[in-house]
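A.B. asks: what's the 3D shape of this:
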Amino acid sequence: MRFAKGHGTGNDFVVVPDFDNKLDLTPELVAALCDRHFGVGGDGVLRVVRTTAVGESQPAEWFMDYRNADGSLAEMCGNGVRVFARYLIEEGLTFGPEIAIATRAGTRTVRAEADGQLTVDMGPVAVLGEGAVEAGSQLLVGLAISVGNPHLACVIDAPVEAIDLSSPRVLEPAGLAAGVNVEIVRLVGPREIAMRVHERGSGLTLSCGTGAIAATVAAAWSAGERPDGWQATPWTVHVPGGRLAVALGATASLLTGPAEIVARGHLEASWLARQRPPAGVGAA
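C.D. replies: Have a look, this model is predicted:
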């Protein structure tokens, strides 16, 4: 079983090529791959599969099957889709400068920039209303936002490092209590923010692409901007793993940042065999 390891601003992924949908990528195997001590290590798994092989009808040749580190399915990943695009380019599986990639949140277009960075059109965002989260001993109020996946972004005045994000508990809206990405955001300059994130299914990560967009929406909202009047001037988003740029629009949200493949290799057959449950275990 081949794999590659990549990251976008420290948000790292195990990339698994499975063009014809032949692998049995169970939640247990995903969790084992993402284990930082006993596996390859990552915030999630990006399976590279042809859309036709999984019955997708989206107008893109390649489908990004994204799994969180705990093995659960996820709709979208802004850093992941850039890493996915970088892998396709370096493997000669597609040619730019624009690449269409199918995801569970719909087709996303990635553009290779002249400086080596990648820009993703993440589509429009939706502000769902106010929400509240308990982070450590603090109660924070923020905006519930959909970027193809759910977020609760809270703008604060204190340094983002001051908030305990180890296990945030969403109190409202009730629809997000089952799983949501939580962002802590602070304005640090004109159209410039700092952000930390706790991702559902992965925990604290060094970066989150969709989270950067949600954080920007919350910051713009706090500054009085609304979706029908988003300004095209990009925001700079500082995350623990680096820096991203976000430009909001009524019909498109553009996320720009680096993506890098750092290694390629093969998983040992003996290691893979130990990750598979014994015959009959888990059967219905």
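A.B. asks: alpha carbons only for contacts and neighbour counts from here, please
C.D. replies: Will do.
A.B. asks: ok, which stretches of the stretch 51-200 of the chain are helices?
C.D. replies: 78-90 (DSSP state H, counting those that start in this stretch).
A.B. asks: residues contacting the residue nearest the centre of the chain?
C.D. replies: Most central in the chain under C-alpha atoms, centre = their mean is C77, positioned 2.5 Å from the mean C-alpha point. For C77, the contact set (C-alpha atoms under 8 Å, 6 or more residues apart in numbering) comprises 66, 208-210.
A.B. asks: same list, the residues you listed, but as CSV with neighbour count, pLDDT and distance to P190 please.
C.D. replies: Listed next are the contacts of C77 as CSV, based on neighbours: other C-alpha atoms under 10 Å; pLDDT from 0 to 100; distance: C-alpha to C-alpha, whole Å:
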residue, neighbour count, pLDDT, distance to P190
Y66, 25, 97, 34
C208, 29, 96, 21
G209, 29, 96, 20
T210, 26, 96, 21
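A.B. asks: buried residues, stretch 249-269. List them.
C.D. replies: Buried residues in stretch 249-269, defined by neighbour count with 16 or more other C-alpha atoms under 10 Å: 249-250, 253-261.
A.B. asks: mind checking pLDDT for the residue nearest to the centre of the chain?
C.D. replies: On pLDDT, C77 comes in at 95.
A.B. asks: and the gap between it and S167?
C.D. replies: As judged by C-alpha to C-alpha, to the nearest Å, C77 and S167 stand 20 Å apart.
A.B. asks: how about D18?
C.D. replies: Distance of D18 to S167, given as C-alpha to C-alpha: 33 Å.
A.B. asks: who has more neighbours out of these two?
C.D. replies: Counted by other C-alpha atoms under 10 Å, D18 and S167 do not tie: D18 has more neighbours, with 19 against 15.
A.B. asks: give me the phi and psi angles of that one.
C.D. replies: phi -150, psi 60 (degrees, to the nearest 10).
A.B. asks: am I right that it is in contact with R47?
C.D. replies: Yes - with contact defined as C-alpha atoms under 8 Å, D18 reaches R47; the gap is 6.4 Å.
A.B. asks: excluding chain neighbours, what is closest to H266?
C.D. replies: Of all residues not flanking H266 in the chain, R2 sits nearest, at 4.4 Å (C-alpha to C-alpha, 6 or more residues apart in numbering).
A.B. asks: now render the buried residues of stretch 249-269 as JSON lines, adding secondary structure and distance to A60.
C.D. replies: Shown next, in JSON lines, are the buried residues of stretch 249-269 (DSSP: H, G, I helix; E, B strand; the rest coil; distance: C-alpha to C-alpha, whole Å):
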{"residue": "G249", "secondary structure": "coil", "distance to A60": "23"}
{"residue": "A250", "secondary structure": "coil", "distance to A60": "24"}
{"residue": "S253", "secondary structure": "coil", "distance to A60": "19"}
{"residue": "L254", "secondary structure": "strand", "distance to A60": "19"}
{"residue": "L255", "secondary structure": "strand", "distance to A60": "20"}
{"residue": "T256", "secondary structure": "strand", "distance to A60": "21"}
{"residue": "G257", "secondary structure": "strand", "distance to A60": "22"}
{"residue": "P258", "secondary structure": "coil", "distance to A60": "22"}
{"residue": "A259", "secondary structure": "coil", "distance to A60": "20"}
{"residue": "E260", "secondary structure": "strand", "distance to A60": "22"}
{"residue": "I261", "secondary structure": "strand", "distance to A60": "22"}
